[in-house]
Each structure stands twice: as C-alpha cells, then as structure tokens.
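Trainee: sequence first, then the predicted structure, then my questions.
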Amino acid sequence: MGEFFAEIWTARAQLAEGLLATIEISAVAIFTGSALGLFTGIGLVYGWRPLRWLLRFYVDVVRGTPVLVLILATFYILAVFGVQFTAVGSGMFALSLFCGGHLGEIVRGALQTIPATQIDAGKSVGLRMPQILLLVLLPQALRQILPVWINTAVEIVKASTLLSIIGVGELLLKTQEIIGRNFLTLEFYTFAGLLYFLVNFSIERFGRIVERRLALA
Amino acid sequence: MNKHTKTFILCVGSLILGSGAVQADKLADVLARGKLIVGTGSTNPPWHFRDEAGNLAGFDVDVAKIVAKGLFDDAEKVEFVIQASDARIPNVVTDKVDITCQFMTVTAARAQQVAFTLPYYREGVGFLLTKDAKHKTYDELKAAGAAVTVSVLQNVYAEEMVHQALPEAKVDQYESVDLMYQALNSGRADAAATDMSSLKWFMKQNPDKYLDAGYGWNPQTYSCAIKKGDADWLNFVNIALREALSGVEFATYSASFEKWFGEAPPAPKIGFPAELR
C-alpha cells in the first residue's frame, strides 16, 4: 500500500492534469451542448417546418449513434475533407453534439407537456411569442428538464473517457500512462474510478440544491 | 461565356477534380512548418511512455527525434500526437501525422495501406529468469521438459507461442504484466515469456535480480510508417534512419538503444558498407 501512495505522489501532476482536462472538456461540452439543446428543443416544437426537419434529422442521428462512433467520425471524416481538428477540439465538438441532441429531445418533451392554452393566455395579455417562450413556457419547462439535464451532464463526464481513444490526455489516458510505467493496474483504475465518482457526485449534489430552490413551495 | 468566366470555371473544376491527385510534397511541407508531427503512444515502456516528470520518452520517441534532427538539425522540433495502437494507420492515411513511430510490426497486409520505412528494431520473445533460478539457460529449460512452468501474458496464441520454444513446458497465462512477473518472483513459474524489449527494460530497471535465458524467437520487424505515394518523403526518412543505424547518427541511436535495452547494438564495421554486400 505504501508503494501505491508513493506512486500517487510521484504521479500527482499527471493525475491533476488529467482530472482538469476531464473537467474542462466536460464543462465545455455541457455548456455548448445545453445551448444547442435548448435551441434544438424550441426549434423542434415551434420552428419553421424545414428547420424542424433538419433538427429532427440531427437529433435522430445523434441519438441513434454510439458516442464513440461520433467521436471517431468528427476526428477522421472532417480530416478527409481537409479540415484538421485537434484531438481535443474534435472531442469537445463530438460531446457537444451528443449533449445537444439528447437535451434537444428532452426540451421538446418538456415544452409539449405545457398546455397550448397557456400560449393563448399569453397572447391575450399582449405578450409576443418570444416573450411567451421566455416568461411563460421555459420557466415551467426548466423545472421538468433539470433532473434529466443533471443526468445528461453526468453521462457527458463518463463519455469523456472515450476521448482517450483519439489520444486526448484526460483522466483515463493519464491513468493508463501511469499504469504503463508502474504496473499498479488495479490500484490506479480504482483511484481513477473514485475521482470520476467524486466529480459526478458533486454534479448531482449541485443539481439537488438547484432543484430544491426551484421547487414549488 | 467570356474568357474570364471560362478560366474561372476551369480553375475551380481542376481544383475539385484534382484535389485528390495533387502531388504530395511532405518533405517541403514539414520543412516549411518547422516541426515534425509524429504519431506515437504513451502507455508502453520502453517504447513510448510518460516518465515520472510526465514527459514522453522511449525508443520510438528517440527514433522520431533522430528524424527531426535530420530535418531541422534540432531533435526537439517534434510535436507528438498521442494515438492508440489501432489509430496508427488511420492517422497516417488522413494526414493527422507526418509519420508514425509506434512499435509497428511490418506485415505485407499493412504495407498495402501505408509505406513502411527501414526497420529500426527486431522484436522477438525471450525468457526472463530470476538470478537464482534452477534452470539458468534455454538449453537447461528445454532439457527439463514438462517440469518447467512458464508464465505468460494472456493471449489466444500464448500457449502455442511458448510451445514453439519449449514444446513440453506447462504454460500459465496471466491477465496482466505485473501478475506475470509476480508468478516468476514467487517461484510459481520457472520463467516468464515476454517481448524481448520488455524483458531487457525490466532487467535494466531491476539490476542484478534477473537473467535472460539467451534465446529469442517469434521475430517481428518494427518500422515507422508514412502515407503512401510520396517517394521523396519516404526516401528522406529512410536516409535519416539508415544513417542512424550505420552512419553519422550511430552514436545517437546507440546511446538510445543502450538506454532502453541495457546493451549497445553492434557497431557498423568501418570500410566497405556492409548493407550493400
């Protein structure tokens, strides 16, 4: 056990670097993916017909494809057309698309549960559509979206491990590098698992707090 | 249609049609860029791994630096792209990297997809023994017949591979390298069968504790790989590697070889260039 702690101390910079990369990549993917998902969800319900078709196509492709395939596709297919993304860039791009697709469907579902009469009510007090969306529909939808949104965020953190395959130095690849040097396989995978759990546990706690604040009475 | 429109259409047309067939000149591109982009891994010592400071090190890394030194007279003008083993060919083919140096076994099937450079190492399998082992050489192991137990990393071909060298030996397969070495240390195995490079590296890291049984088999040639269809680039890399193995850069190659494998490679004989014999 002493050897394990000594090795953790030796590898502390690498572990920290990997953990930070995981957090940074996940955060970027969750934020851009959320913006994309919000737009997609609204577009799917209230969009102009061709836009709706386009968004439907996007959501179905992303939801029907394994994330790993999406990651490999953004890394290699664009390169064939001469667009060279770095591994980190294409990884963030793929995870954002993934997050956006899933949230889009969730936002659509939440918006559609709100009775259409609320739009009429909004119009009757003189609100325009963007105002209705912002002041009437979204606040109600967000309350429903929140638990699923937190769940998606956790999924993104877990999916970020797949980026190790295209050579992104996130926590899993850094862990594998350390194991390659000292052969402490079981110990370091367990340690990495613990770090992932802590990140996801914090996200879940944060979600719980926000949920409680938004709860109706 | 006036003349300018025609010219324009011709230009665009030839761009679209010709974009796949444009003459590749990687050597000029790399020189203009001022650094070499090399694909390699980061989890397999002594080939490519992170040292304790987190820097990329290993024999593949050193070979790449020799090519960079040939290009820029500066071994540090390299950007390493970390890739998994199964990304070696795709990353070369899609121009993610200029060259891949990642313990890549040369096979005829792979040579249909990428161009291999001259080889820089010949891998094989060997037997690692403890210093106080009962059987200290390959001949003694072989003579002991079925009384010998060999530990090996789990693999579909592992048993067959060990039996090529020791037909009667008992083979114990382990699922990780540390367990394989543990079996040897605890005496549950008389020898561990592992890649010669891993064996040499392990002996170098644990001096005076282990022996090499002195027999290697299962040869595999390691080369760097580049994209097909660029003869000038291939020729340049080949010259850089050839002169590292047998010319002006031999000292660099030799120092690296000794650093990772614990022994110096045979020095080139002065006089007639032996490779032309």
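Mentor: Looks like it came in fine.
Trainee: next structured bit after the lengthiest helix in chain A?
Mentor: Counting residues, the longest helix found in chain A (DSSP state H) is helix A:12-46. Downstream of helix A:12-46, the next assigned helix or strand under DSSP states H and E is helix A:49-63.
Trainee: that following helix to helix A:12-46, inter-axis angle?
Mentor: 140 degrees (axes from the mean of the first three to the mean of the last three C-alpha atoms, to 10 degrees).
Trainee: how about the helices in chain A?
Mentor: Under DSSP H, chain A gives helices at A:2-10, A:12-46, A:49-63, A:67-80, A:87-112, A:117-124, A:129-131, A:138-159, A:171-182, A:185-214.
Trainee: equivalent analysis for the stretch 51-200 of chain B, please.
Mentor: B:59-72, B:88-93, B:138-144, B:158-165, B:177-185, B:196-205 (DSSP state H, counting those that start in this stretch).
Trainee: can you list the helices of chain A in a markdown table and add distance to chain B?
Mentor: Where you see a C-beta, it was placed from the backbone N, CA and C, and this is true even at glycine. Below are the helices of chain A laid out as a markdown table (distance: least, C-beta to the nearest C-beta, whole Å):
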| stretch | distance to chain B |
| --- | --- |
| helix A:2-10 | 5 |
| helix A:12-46 | 5 |
| helix A:49-63 | 22 |
| helix A:67-80 | 4 |
| helix A:87-112 | 7 |
| helix A:117-124 | 48 |
| helix A:129-131 | 42 |
| helix A:138-159 | 17 |
| helix A:171-182 | 4 |
| helix A:185-214 | 5 |
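Trainee: can you tell which of those is closest to B:Gln113?
Mentor: helix A:67-80 (14.3 Å; C-beta to C-beta).
Trainee: which of the residues in the closest one are buried?
Mentor: A:67, A:70-72, A:74-76, A:78-79 (16 or more other C-beta atoms under 10 Å in any protein chain shown).
Trainee: ok, the residues you listed vs B:Leu241, which is closest?
Mentor: A:Ala79 (26.4 Å).
Trainee: what residues does chain B put near chain A?
Mentor: Within chain B, the positions adjacent to chain A are B:19, B:42-45, B:49-52, B:54, B:81-84, B:87, B:90, B:94-96, B:176-178, B:181 by C-beta under 8 Å from any C-beta of the partner chain.
Trainee: filter those residues to the buried ones?
Mentor: B:42-45, B:49-50, B:54, B:81-84, B:87, B:90, B:94-96, B:177, B:181.
Trainee: thinking again about what came up before, tabulate the helices of chain A (JSON lines), appending mean pLDDT.
Mentor: Below are those laid out as JSON lines (pLDDT from 0 to 100):
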{"stretch": "helix A:2-10", "mean pLDDT": "91"}
{"stretch": "helix A:12-46", "mean pLDDT": "97"}
{"stretch": "helix A:49-63", "mean pLDDT": "96"}
{"stretch": "helix A:67-80", "mean pLDDT": "91"}
{"stretch": "helix A:87-112", "mean pLDDT": "96"}
{"stretch": "helix A:117-124", "mean pLDDT": "93"}
{"stretch": "helix A:129-131", "mean pLDDT": "91"}
{"stretch": "helix A:138-159", "mean pLDDT": "94"}
{"stretch": "helix A:171-182", "mean pLDDT": "94"}
{"stretch": "helix A:185-214", "mean pLDDT": "94"}
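Trainee: all good on my end, thank you.
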